[in-house]
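Visitor: Okay, here's the prediction I keep looking at, along with the sequence it came from:
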Amino acid sequence: MAKFYFYYAAMNAGKSTTLLQADFNYRERGMRTLLFTAAFDDRFEPGKITSRIGLASHATAIDPETDLYEEIAIESAEATVDCVLVDEAQWLTRAQVFQLAAVCDELGIPVLAYGLRTDFQAKLFPGSAALLGIADNLIELKAICACGRKATMNLRINDDGFAVKEGAQIEVGGNERYVALCRRHYAEQMGLRRGASA
């Protein structure tokens, strides 16, 4: 039976790098993969998965209206699909997460989804919440805080490097906009101390 995997981490943990390595491993063995990423993430190029260490690959750009099950079913009817890989999976809709589960359960194709668990306010993204709820395997990738502890939080910063405490859940950015921190240093930067309201 095909499995549904969710690889999650804070920023700078190598999620895209890990995805691209998995893709390479499948293709090196003569297997066919399908790659998907969010259409509005155009930091490098629309429809392109790019890691911070320089690895990159083209992918199908998707938006909230994309029916992933239908897209993958059409592709698998033309030729065998051995694995589906999804970058920026936190931005999937709940419906899309269940479409990917159906890809595993009905089409027998494993799905590897990679994304953030929480946003800059430590709130779950809708896609991440659904993935945490139904994926067969949850795998945490490790990022490191400046103090050396495991970074699990994503701090959004302004142009002056100070913490941003309010705003839209989705704001595309890289190192110029986000810093991965351990929980302790995140709480300090956000002014969240014992007894303070969150």
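Guide: Cool, the structure landed. Numbers count the residues shown, from 1 in each chain.

Visitor: Select the helix or strand of this protein having the lowest average pLDDT value.
Guide: Among the helices and strands of the chain, strand 48-50 carries the lowest confidence by mean pLDDT, DSSP states H and E, at a mean of 78.

Visitor: Against which helices or strands is whichever helix or strand comes after it packed?
Guide: Using DSSP states H and E, the helix or strand that follows strand 48-50 towards the C-terminus is strand 56-58. With contacts defined as 3 or more Cβ pairs under 8 Å, 6 or more residues apart in numbering; DSSP states H and E, the packing partners of strand 56-58 are helix 15-28, strand 48-50. The C-beta positions use only the backbone N, C-alpha and C, and glycine is treated the same way.

Visitor: Was I right to think Q99 contacts E65?
Guide: No. Assessed by Cβ atoms under 8 Å, Q99 is found out of contact with E65, at 11.8 Å.

Visitor: Pick out whichever of these two has more residues nearby.
Guide: Under the neighbour definition other Cβ atoms under 10 Å, Q99 and E65 were set side by side, and Q99 has more, 20 against 9.

Visitor: Sticking with the nearest residue to that one once chain neighbours are set aside, tell me its helix or strand.
Guide: Nearest residue to Q99, sequence neighbours excluded (Cβ to Cβ, 6 or more residues apart in numbering): Y69, at 3.9 Å. Taking DSSP H and E as the criterion, the element that holds Y69 is helix 68-78.
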